[in-house]
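# Build the 3D model from these lines:
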Amino acid sequence: MTTSDGGAPRVTRSQATTAAREALRFALGMALTAALGRRLSPADFGFVTFVGTIYALAHLAMDLGSGALLAREIARDPSRERPLLEAATAWRFVLGTIAGLIVAGLACFEPDPERRFWLWVTAASLPLLAPGVSGIVFLVRQDLGPPSVIGVLLQAGMLGGALLMHDLSALPAAFALLYVVRETTGALAVRILARVRHGVVQRPGFFGRDTRRLFSGAVLQATSSILQTVSFHAAPFVIASCRTDDELGEFSAASRLVNPVMLLVGALAAPLLSVFAAGYRRSRDLTARLSGAAIALGGCLGAAGAAVVFRHPGSVLDLVYSDGKFTGGTIWTNDATAPLAALGLAFAAVSLGAPACTALLADGGEGPLRRAFGLGLVVNAFLLAAVGLGAPLAAAGWGTCAAECAVALTAVCELRRRGAVVFVFRNLLWPPVVFATVGLGIEALGRALGRVPDVLPALVGGAACLVVLAGSPGRAFRAALKECSV
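Numbering: from 1, shown residues only. This next block holds a predicted model:
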């Protein structure tokens, strides 16, 4: 087995592969969201996306932060790969079974028999997600290409399946089958690929695998992950339990556009974990400059996206769905633009916080991370309680935004206290400049054209991201990464 502590070429190649994969999956996901949003009623759209939320929550709950620690332990001692993976697979099967029982319990309270059936199917499939832990095999080897191809193919198959089911006039709730097939097939395919490509053979079990060090160290990180998961995914559950099906559909229309991009930010930061961990041991000053450059770059990219979504949420919704459907049409009891605008600012906070939290974890900051995510959950809970009491749906979006801001600021402050981050002043000026430039640029082009076409904000935001990557923030990050990886 060959692992890497994160040399610059391998890290940048991993990030490029991750970016390409997530770009394709995001495009296919947006096409799927548009297909479902245009073909299903608001209530049915809300249910189908609710099933997707269950799977996202299950993945995060089954990981419980152990994935990052697992990769770190395997990179330090490759001989422990098989026993650690076997124990992790067994543990995730147990957690998947527990999650399945919880979802089955929720299904008992679903009055619609068709939806109740698909919730039971979803519950039965959750333990089958356990083999997906084999993805760690590819992460520690910086060999993310093959699993990325699997992910893109499954996403494309999901889109094709949605169109086929619509042509066959399938019952609306049956569209949940798309998520069931994608998630279970993906987990099994990754395990098979790990065996074929890297010869990793597993026989899951707990005993005789010397995993005490891993799981004892994962307790704090597991707590952090639970707090983060609950905060990030709580809104759909609160809305589903306290508000109407149409309102769940409206919030889902907004969150489905932003949540995948937030997850992409975390995926792009993941390859930096081994670089930070090794760098803090070799040269703390160089790694502190790298973490500062990564945080500044993330803030710039987040500012570009936030300017698009916060200033022009209606254009984004109409571009993906259809004119007027989620932007104040008469069949809606609320307006999806307000939650989307708030989630746009949340994306900026996540873009800044993801590299900061990665650096803090690499420096042994599990305890401070737990406090940061706990603070975020408390902040989010206040605004979600207001939603349950009848406040506008926008409060759910602002809850996510406030929570992510609290996490990002807490992580950055802790890094500063530890001396684990160094910022170059001129790089700190870039995020607000990018935000203002994108916003004013869209307005100026809109005046020149006589209106703001739906596609214009996305084009301007994408161009701004390319400029940031090629400009000073991107160059500063690449230079710091190269210097730290020598």
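
# Need the CA coordinates for stretch 285-293. CSV is fine.
C-alpha atoms of stretch 285-293 as CSV (Å, rounded to 0.1, in the frame of the first residue of the first chain):
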residue,chain,number,x,y,z
ASP,A,285,4.9,28.7,10.8
LEU,A,286,4.7,27.5,7.2
THR,A,287,1.5,25.6,7.9
ALA,A,288,0.0,28.6,9.7
ARG,A,289,0.5,30.6,6.5
LEU,A,290,-1.1,27.8,4.4
SER,A,291,-4.1,27.7,6.7
GLY,A,292,-4.5,31.4,6.4
ALA,A,293,-4.2,31.3,2.6
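
# got the buried residues for it?
Buried residues in stretch 285-293, counted by 16 or more other Cβ atoms under 10 Å: L286, T287, A288, R289, L290, S291, G292, A293. Using the backbone N, CA and C atoms, a C-beta is placed for each residue, glycine as well.

# what would the residues you listed look like in TSV with secondary structure?
As requested, those are exported to TSV (DSSP: H, G, I helix; E, B strand; the rest coil):
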residue	secondary structure
L286	helix
T287	helix
A288	helix
R289	helix
L290	helix
S291	helix
G292	helix
A293	helix
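
# Save those residues as JSON lines, and put in distance to E86 and pLDDT too.
Putting the buried residues of stretch 285-293 into JSON lines (distance: Cβ to Cβ, whole Å; pLDDT from 0 to 100) gives the following:
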{"residue": "L286", "distance to E86": "37", "pLDDT": "88"}
{"residue": "T287", "distance to E86": "33", "pLDDT": "89"}
{"residue": "A288", "distance to E86": "37", "pLDDT": "91"}
{"residue": "R289", "distance to E86": "39", "pLDDT": "91"}
{"residue": "L290", "distance to E86": "34", "pLDDT": "91"}
{"residue": "S291", "distance to E86": "34", "pLDDT": "93"}
{"residue": "G292", "distance to E86": "39", "pLDDT": "92"}
{"residue": "A293", "distance to E86": "38", "pLDDT": "92"}
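
# and G439, how many neighbours does it have?
Each residue near G439 was counted by other Cβ atoms under 10 Å, and the total is 21.

# Show the contacting residues for it.
For G439, the contacting residues are A307, R311, by Cβ atoms under 8 Å, 6 or more residues apart in numbering.

# what do you get if the cut-off is 10 Å, keeping everything else the same?
Contact partners of G439, counting by Cβ atoms under 10 Å, 6 or more residues apart in numbering, are A303, A304, A306, A307, V308, F310, R311, H312, P457, V460, G461.

# Can you verify my assumption that the fourth one contacts G441?
It stands for A307. Yes - contact criterion Cβ atoms under 10 Å: A307 and G441 qualify, at 8.8 Å.

# how many neighbours does G314 have?
A count of nearby residues for G314, using other Cβ under 10 Å, gives 20.

# does it count as helix, strand or coil?
Once three-state DSSP is applied, G314 turns out helix.

# quick one: contacts of stretch 466-473?
Contacts of stretch 466-473 (Cβ under 10 Å, 6+ apart): 19, 293-294, 296-301, 303-304, 424, 426-427, 429-431, 434, 437-438, 464, 474-475, 477-478.

# For that stretch, buried residues please.
V467, V468, L469, S472, P473.

# Low-confidence ranges, this structure, go.
Residues of the chain meeting the criterion pLDDT under 70: 1-12, 14-15, 65, 75-76, 206-222, 225, 322-334, 485-486.

# could you redo the last one with a cut-off of 50?
The chain contains residues with pLDDT under 50 at 2-6, 328-334.

# Okay, domains of it per the record?
1-210, 216-486 (automatic domain parsing).

# Buried deepest among those domains, which one?
Ranked by mean neighbour count, the domains of the chain are led by domain 216-486 with a mean of 21 (mean count of other Cβ atoms under 10 Å).

# quick one: what helix or strand has A396 in it?
Element membership for A396 (DSSP states H and E) is helix 394-418.

# Packing partners of that helix?
Under the contact definition 3 or more Cβ pairs under 10 Å, 6 or more residues apart in numbering; DSSP states H and E, helix 394-418 sits against helix 212-242, helix 245-269, helix 284-311, helix 337-362, helix 366-388.

# and F175, which of these is closest to it?
Of all those, it is helix 245-269 that lies closest to F175, at 13.1 Å by Cβ to Cβ.

# list the contacts for F310?
Contact analysis of F310 by Cβ under 10 Å, 6+ apart lists L340, A341, A342, L343, G344, L345, A346, F347, A348, C401, F435, G439.

# can we see that at 8 Å?
Residues near F310 by Cβ under 8 Å, 6+ apart: A341, G344, L345.

# Closest one to S231 out of those, please.
Of the contacts of F310, the one sitting nearest to S231 (Cβ to Cβ) turns out to be L345, at 15.7 Å.

# Disregarding residues adjacent in the polypeptide, which is nearest to that closest one?
Of all residues not flanking L345 in the chain, C401 sits nearest, at 4.8 Å (Cβ to Cβ, 6 or more residues apart in numbering).

# F175 now?
Nearest to F175 is V48, by Cβ to Cβ, 6+ apart, at 4.7 Å.

# Helix, strand, or coil at the one you found?
Taking three-state DSSP as the rule, one finds V48 in the helix state.

# Surely R195 and V201 touch.
Yes - between R195 and V201 there is a contact under Cβ atoms under 8 Å: 5.8 Å.

# Can I get the contacts of F310 in JSON lines including distance to R13?
Shown next, in JSON lines, are the contacts of F310 (distance: Cβ to Cβ, whole Å):
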{"residue": "A341", "distance to R13": "36"}
{"residue": "G344", "distance to R13": "30"}
{"residue": "L345", "distance to R13": "32"}
